[in-house]
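Got a sequence here, can you model it:
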Amino acid sequence: MKVRVDQERCQGHTLCAMRAPGVFELSEIDGHSSPVADEVPAGQEDAAVEAVRSCPERAISVF
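Numbers count the residues shown, from 1 in each chain. Below you'll find the model as predicted:
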């Protein structure tokens, strides 16, 4: 499973970083959420899907 954050749609909320800290981090530079790595680490799949659902901007996608 891979994740992607659309930086143009991301408004810098922290929900995804809170729900899946092993998958997403909040950039100190622009406040946008970014994937920690393209591939979701083993055991973090459910957290990544929950983060996608929690994103109010629908800026996160998994594939």
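
Please count neighbours and contacts with C-alpha atoms only from this point.
Fine.

list the buried ones in the top helix by length along the chain?
If you go by DSSP state H, the chain has its longest helix at helix 45-54. For helix 45-54, the buried set under the neighbour-count rule, 16 or more other C-alpha atoms under 10 Å, comprises 45, 47-49, 51-52.

The residue nearest the centre of the chain bridge partners, please.
In the chain, the centroid-proximal residue (C-alpha atoms, centre = their mean) is Phe24; its distance is 4.4 Å. As for beta bridges, Phe24 partners with Pro35 under DSSP bridges.

quick one: it and Asp30, what's the gap?
14 Å (C-alpha to C-alpha, to the nearest Å).

Regarding Gln11, what is its secondary structure?
Using DSSP: H, G, I helix; E, B strand; the rest coil, the structure places Gln11 in coil.

Now do the contacts for it.
31-32, 57 (C-alpha atoms under 8 Å, 6 or more residues apart in numbering).

Could I get those in a markdown table, plus columns for secondary structure, neighbour count and pLDDT?
Putting these into a markdown table (DSSP: H, G, I helix; E, B strand; the rest coil; neighbours: other C-alpha atoms under 10 Å; pLDDT from 0 to 100) gives the following:
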| residue | secondary structure | neighbour count | pLDDT |
| --- | --- | --- | --- |
| Gly31 | coil | 14 | 87 |
| His32 | coil | 19 | 90 |
| Glu57 | coil | 15 | 93 |
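
And stretch 1-20, how far out from the chain middle?
3 Å (C-alpha atoms, centre = their mean, to the nearest Å).

nope, stretch 54-63 is what I was after
Centre-to-centre, stretch 54-63 and its host chain are 7 Å apart (C-alpha atoms, centre = their mean).

quick one, what contacts Ala51?
Ala51 neighbours (C-alpha under 8 Å, 6+ apart): 15-17, 19-20, 60.

let's see it at 6 Å
Applying C-alpha atoms under 6 Å, 6 or more residues apart in numbering, we find Ala51 in contact with 16, 19.

Perfect, that will be all.
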